[in-house]
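# build me a model:
(2 chains, ligands or ions: 2)
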Amino acid sequence: MSTVSTVTPGSVSELSARELRRAAWSRWGYRLSVVAGWVVFVGVWYLVARLVLTPQQLPQPHVVAVEAWDVLRLREFGGNFQASILRVAAGFLLALLLSVGLGLLIAYSRWWRRLLGRVLQFVVSIPTVSFAVLSLIVLGISPMGPILNTMIVATPYITTNLAQGLTGVDRRLIVMSESFGRTRAQIIVGVLIPSSLLSILGGARLAFAVAWRVALLTEIFASADGIGLQIRRSFESYDIQGMLAWALLFIVIMLLIENLVLRQVERRLSRWRTPATGVAP
Amino acid sequence: MATVLIEDLTKVYPPTINNPKQVQALGGLSMSITGNVFVAVVGPSGSGKTTLLNIVAGVELPTSGSVRALQEGVPARVGYVFQEPRLLPWRTVVDNMLYVQDRKSDRSRREAEFYLQMVGLGDVADLYPSQLSGGMQQRVGIARAFLVNPDVLLLDEPFSHLDALTGRSLRDYLQRIWLQSRKTALFVTHDVTEAVELADRIVMLRPGGVTYDDISIDLPRPRRHGDPAVRDIQDEVLRRFDAMGAAVRFGAEGV
Ligand SMILES: Nc1ncnc2c1ncn2[C@@H]1O[C@H](COP(=O)(O)OP(=O)(O)OP(=O)(O)O)[C@@H](O)[C@H]1O
Ligand SMILES: [Mg+2]
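Ligands and ions are numbered 1, 2, ... in the order given. As a prediction, the model looks like this:
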């Protein structure tokens, strides 16, 4: 028997493996809760549709699903969807541009921080329906309504997170960059942007969630095309089934974008944060 | 050959929100360093050591006085090792190295890998800093400073955040690399033992950033821990610091 003990370079990688397992569990828990939420939602819908309301008031889920399939195939879903999503995208882009300016002001000037902080807080506290109604009054039926409203509701979220990201930048990394002769442009690209990127993305995801809901509402009230218009038309012709089908399709697609695409991008970009298993000794 | 000329250097920080009084970090510091020597700057906390290095590195401006770091008459290139690793956490180790290089080519990557190997980190080039231990991260910081082929090397207590054993082994790494390249080095430390083991000269600062004393060490390298000659000098430095403590306590200015 040998008395020589071998040292295994294990402790670090075991720890992170455990952390990874825990992270995986919580991811699965999250997914499970999402599925459970949908099951409950559809279940309640069935119950209410069968026991409380008439089919004219609330058609059953599977009827709406069949109708949605029809909408998808036969009733120019693509064109309407494109009109709506382009407006969300345009409003979102404008919000992003505006937020870069406002975020810089908030991050680097105390005076602006105090002023804008209050304004943004106020904007966030306004119920989204009022934006829809307001744009009908001010702009009438116009494609600008959804775009502007998207911009207005998305801006506070992106701005706040951007400013937070910028103020959270480690000053010492900037000093390090300067001492190694990095230029201002190199520091912006190499330090400022990457270090606030995750925070910005988090804000963007929140903003997107609010933005498409507002855009849809505004379209329902005041638009000459897009999904919102189709919903209004169905409603006006007492076609509850069609109305629900249009709404459901749009909502499902947007939720998918929000939760799969945006979350995936975030996860990809935050890879450097998770300690991987294969730590060298 | 590099020279660092510091003349009557004063740095006063204006009042901040947390500290309503202005702070004098350096008060009329003068010294000159010529050639490929390893100079240790030793002084108690708050004696302006980091401030001094930052001014030499050009990331802070003096309030008055002048600092010139020159290599053959032109501004010297500086390599800075900080108290903490200061790596970009979103970049891999090798990309952290490339960040401080001006040209990005296959050759610069090979150079980066060469210096990583020199600090014993050849096989972690593609890991992220969060996947390394603190000592490994600090070694990346050392490799990064050598990578820019500096004329003047600045080191700000690079081992003070590490445990004693790791600090000791990194000190050996540093000593080995330095003996190969012999850059002009300005090494800040709290640790008198460390200073005596590494330096050709020890500059002692006292609070407020005034030189108190300056000792040359002429012992062969590598120096052994516990060597009587090394220990004698350690004792001497500590004795002078004690005397300074007394001088400061009794307000004997200009000793
Ligand atoms: N950016 C700053 N603004 C205001 N005061 C500062 C700033 N940087 C340093 N000081 C002050 O200047 C003095 C010297 O600081 P410095 O960091 O140079 O000391 P140090 O010798 O490096 O100390 P330590 O050994 O603790 O690292 C301290 O009193 C410190 O509070
Ligand atoms: Mg310091």
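
# could you use CA atoms for every contact and neighbour count after this?
Fine.

# the helices in chain B, which residues?
Secondary structure of chain B (DSSP state H): helices at B:49-57, B:93-99, B:106-118, B:134-147, B:164-181, B:192-198, B:228-249.

# so which of the ones you listed comes closest to ligand 1?
Each of the helices of chain B was scored for nearness to ligand 1 using CA to the nearest ligand atom, and the closest is helix B:49-57 (3.6 Å).

# for the closest residue to residue B:126 other than its chain neighbours, what are its contacts?
Of all residues not flanking residue B:126 in the chain, residue B:92 sits nearest, at 5.3 Å (CA to CA, 6 or more residues apart in numbering or on different chains). With contacts defined as CA atoms under 8 Å, 6 or more residues apart in numbering or on different chains, residue B:92 is in contact with B:125, B:126, B:127, B:128, B:129.

# which bits of the stretch 101-250 of chain A sit near chain B?
Proximity of the stretch 101-250 of chain A to chain B (CA under 8 Å from any CA of the partner chain) is limited to residues A:172-173, A:175-182, A:190-191, A:194-195.

# do that again at 10 Å, thanks
Within the stretch 101-250 of chain A, the positions near chain B by CA under 10 Å from any CA of the partner chain are A:170, A:172-182, A:186-187, A:190-191, A:194-195.

# could you list which of those belong to helices?
A:172, A:173, A:174, A:175, A:176, A:177, A:178, A:179, A:186, A:187, A:194, A:195.

# of these, just the buried ones, ChimeraX syntax please.
In ChimeraX, this line selects whichever of those come out buried by 16 or more other CA atoms under 10 Å in any protein chain shown:
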select /A:173,174,175,176,177,178,179,187,194,195
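
# could I get the ones in helices among the residues of the stretch 101-250 of chain A next to chain B as JSON lines with pLDDT?
Listed next are these as JSON lines, based on pLDDT from 0 to 100:
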{"residue": "A:172", "pLDDT": "94"}
{"residue": "A:173", "pLDDT": "96"}
{"residue": "A:174", "pLDDT": "95"}
{"residue": "A:175", "pLDDT": "95"}
{"residue": "A:176", "pLDDT": "96"}
{"residue": "A:177", "pLDDT": "96"}
{"residue": "A:178", "pLDDT": "95"}
{"residue": "A:179", "pLDDT": "94"}
{"residue": "A:186", "pLDDT": "92"}
{"residue": "A:187", "pLDDT": "93"}
{"residue": "A:194", "pLDDT": "90"}
{"residue": "A:195", "pLDDT": "88"}
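
# count of neighbours near residue A:250?
20 (other CA atoms under 10 Å in any protein chain shown).

# in terms of helices and strands, where is it?
helix A:240-256 (DSSP states H and E).

# roughly how far is the next helix or strand after that helix from the heart of the chain?
Downstream of helix A:240-256, the next assigned helix or strand under DSSP H and E is helix A:263-269. Its chain's C-alpha centre and that of helix A:263-269 lie 12 Å apart, by CA atoms, centre = their mean, to the nearest Å.

# could you pull out the buried residues of helix A:263-269?
Residues A:263, A:266 are the ones in helix A:263-269 that count as buried (16+ other CA under 10 Å).

# excluding its backbone neighbours, what's nearest residue A:220?
For residue A:220, the closest residue by CA to CA, 6+ apart turns out to be residue A:228, at 4.2 Å.

# show me what contacts that neighbour?
Taking CA atoms under 10 Å, 6 or more residues apart in numbering or on different chains, we find residue A:228 in contact with A:80-81, A:84, A:146, A:215-222, A:243, A:246-247, A:250.

# between which two of those is the distance greatest?
Maximum pairwise distance among the contacts of residue A:228 (CA to CA): 19.2 Å, between A:146 and A:243.

# which of those two has more neighbours?
Set side by side, residue A:146 and residue A:243 show more neighbours around residue A:146, with 32 against 23, by other CA under 10 Å.

# I'd say that one and residue A:218 touch.
Yes - Residue A:146 is within contact range of residue A:218, at 5.4 Å (criterion: CA atoms under 10 Å).

# overlap in contacts of these two?
By CA under 10 Å, 6+ apart, residue A:146 and residue A:218 have these common neighbours: A:131, A:132, A:135, A:136, A:212, A:228.

# the helix or strand where the third one lies: what's the following helix or strand?
I take that to be residue A:135. Element membership of residue A:135 [criterion: DSSP H and E] is helix A:128-139. Elements were assigned by DSSP H and E; along the chain past helix A:128-139, the next helix or strand is helix A:144-167.

# for that next one, packing partners?
Contact partners of helix A:144-167 among helices and strands, from 3 or more CA pairs under 10 Å, 6 or more residues apart in numbering or on different chains; DSSP states H and E: helix A:77-108, helix A:110-125, helix A:128-139, helix A:193-221.
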